[in-house]
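**Student:** Sharing a model prediction with you, sequence too.
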Amino acid sequence: MKTNKVRGLIAAPFTPMHENGEINLPVIDKYVDLLLEQGVTSVFVNGTTGEGTSLTLEERKIIAEKWIEAGKAKLDKVIIHVGTANLKDSQELARHAAKAGADMIGSMPTFFFRPASIELLVDYLAEIAKVAPDLPLFYYEIPEMTGVKFDMCHMMELAVQKIPNFGGIKFTSFDLPTFARCVDKFADKLSLCYGKDEQLVSALLLGAHAGVGSTYNYSGMIYSRIFKAAKAGNFKEATKDQIFSAKMIGVMFDEEMLLHRLK
Ligand SMILES: CC(=O)N[C@@H]([C@@H](O)[C@H](O)[C@H](O)CO)[C@@H](O)CC(=O)C(=O)O
């Protein structure tokens, strides 16, 4: 099985499109270089920022293939989001990601008919993980968009028992106390990636292994400085950049996550 170790900055890339809404694949080669120039070393493809759940399966497959091909020997990890509203589509995307050479896969829960219990959520993830047994599966926790909210520490306890290739979590929530419990319990065996850019430094202080976010696409240099300063224990420096990030995000988003403002 491929390693579940991912570290540093993971961008959640936009899906480049032409005016007519067709996918603009060739620009992804330059996109990889743009991210690397900012210190971003991995990508989480077809996620929220990539509008994955608004794309067809075929579109998601060609985008995944292009990021894997463009990122080869350049990016550290290409992680493909396979979450959909149903199991069979997610399994199809997971099989495809494995065949195409992805390093990892991630999945959010079903978000219309939501899992009725934490056990059912883990069983669902296990059904996705089993069709791509050589890839670590990450759970994509994003309750503000999915409406699914369980205790992530408990979820991971169940996942490590039931899913041999469970790799970690992509934690997009302001709930730092829960994130702290997850770090305490699982930091030595899983990868814990934090997904709220405006609170990255707090998550790093707690022990996050990686940050994953949308504003990394064009402000990666800010988060690179935060990461380096935090890892060096220079929190005064890290906090300065984090305050800038919080102010920048405050300008872009008022009360809701308006993706179009990011594009
Ligand atoms: C809801 C949302 O878009 N969250 C972003 C954050 O990067 C967010 O844009 C940022 O923290 C500003 O609020 C990411 O966590 C989403 C993400 O990783 C993805 O697009 O897959």
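**Tutor:** Cool, got the structure.
**Student:** Contact residues of this protein facing the ligand?
**Tutor:** 12, 44, 47-49, 145, 172, 195-198, 212-215, 249, 253, 257 (Cβ under 6 Å from any ligand atom). Using the backbone N, CA and C atoms, a C-beta is placed for each residue, glycine as well.
**Student:** and the residue nearest to residue 61 when sequence neighbours are not counted, how far is that from the ligand?
**Tutor:** Spatially, and ignoring its direct neighbours in sequence, residue 61 is nearest to residue 96 (5.1 Å; Cβ to Cβ, 6 or more residues apart in numbering). According to Cβ to the nearest ligand atom, to the nearest Å, residue 96 and the ligand sit 18 Å apart.
**Student:** switch to numbering from 372
**Tutor:** Done: numbering now begins at 372, and the last item shifts to residue 467.
**Student:** For the helix or strand containing residue 467, buried residues please.
**Tutor:** Residue 467 is part of helix 458-471 when elements are defined by DSSP states H and E. Within helix 458-471, the residues that count as buried by 16 or more other Cβ atoms under 10 Å are 461-465, 467-469, 471.
**Student:** contacting residues around residue 545?
**Tutor:** 567, 570 (Cβ atoms under 8 Å, 6 or more residues apart in numbering).
**Student:** quick one: it is in a strand?
**Tutor:** No: assigned with DSSP: H, G, I helix; E, B strand; the rest coil, residue 545 falls outside any strand and is coil.
**Student:** Can you report phi and psi for it?
**Tutor:** phi -80, psi 0 (degrees, to the nearest 10).
**Student:** Could you check the pLDDT of it?
**Tutor:** On pLDDT, residue 545 comes in at 98.
**Student:** Equivalent analysis for residue 623, please.
**Tutor:** 85.
**Student:** now swap in the one 10 residues further on and tell me
**Tutor:** Each residue has a pLDDT score; the one for residue 633 is 66.
**Student:** Wait, a helix at residue 400?
**Tutor:** Yes: the assignment for residue 400 is a helix, going by three-state DSSP.
**Student:** Could you tell me how many residues sit around it?
**Tutor:** 13 (other Cβ atoms under 10 Å).
**Student:** Wait, it touches residue 442, no?
**Tutor:** No: Residue 400 sits out of contact with residue 442 when judged by Cβ atoms under 8 Å, with a separation of 9.6 Å.
**Student:** dump the residue contacts of residue 565.
**Tutor:** Per Cβ under 8 Å, 6+ apart, neighbours of residue 565: 542, 550, 571, 574-575, 579, 581-583.
**Student:** What strand or helix carries the closest residue to residue 416 other than its chain neighbours?
**Tutor:** Residue nearest to residue 416 in three dimensions, not counting chain neighbours: residue 438, with 4.7 Å by Cβ to Cβ, 6+ apart. When elements are assigned from DSSP H and E, residue 438 belongs to helix 428-442.
**Student:** From the chain's centroid, how far away is that helix?
**Tutor:** Centroid separation for helix 428-442 versus its chain: 16 Å, with Cα atoms, centre = their mean, to the nearest Å.
**Student:** if we look at that helix, which residues are touching it?
**Tutor:** 384, 386, 394, 396, 399-400, 402-403, 414, 416-417, 421, 423, 426, 449, 451, 455, 460, 463-464, 467-468, 471-473.
**Student:** residues in contact with the residue lying closest to residue 484 once chain neighbours are set aside?
**Tutor:** Among residues not flanking residue 484 along the chain, residue 456 sits closest, at 7.6 Å (Cβ to Cβ, 6+ apart). Going by Cβ under 8 Å, 6+ apart, residue 456 touches 424, 481-484.
**Student:** Most neighbours of all those, which one?
**Tutor:** Busiest of those [other Cβ under 10 Å] is residue 481, holding 19 neighbours.
**Student:** List the residues that contact the nearest residue to residue 554 once chain neighbours are set aside.
**Tutor:** Computed as Cβ to Cβ, 6+ apart, the closest residue to residue 554 that is not its neighbour in sequence is residue 578, at 4.1 Å. With contact set as Cβ under 8 Å, 6+ apart, residue 578 has these partners: 554-555, 558, 563.
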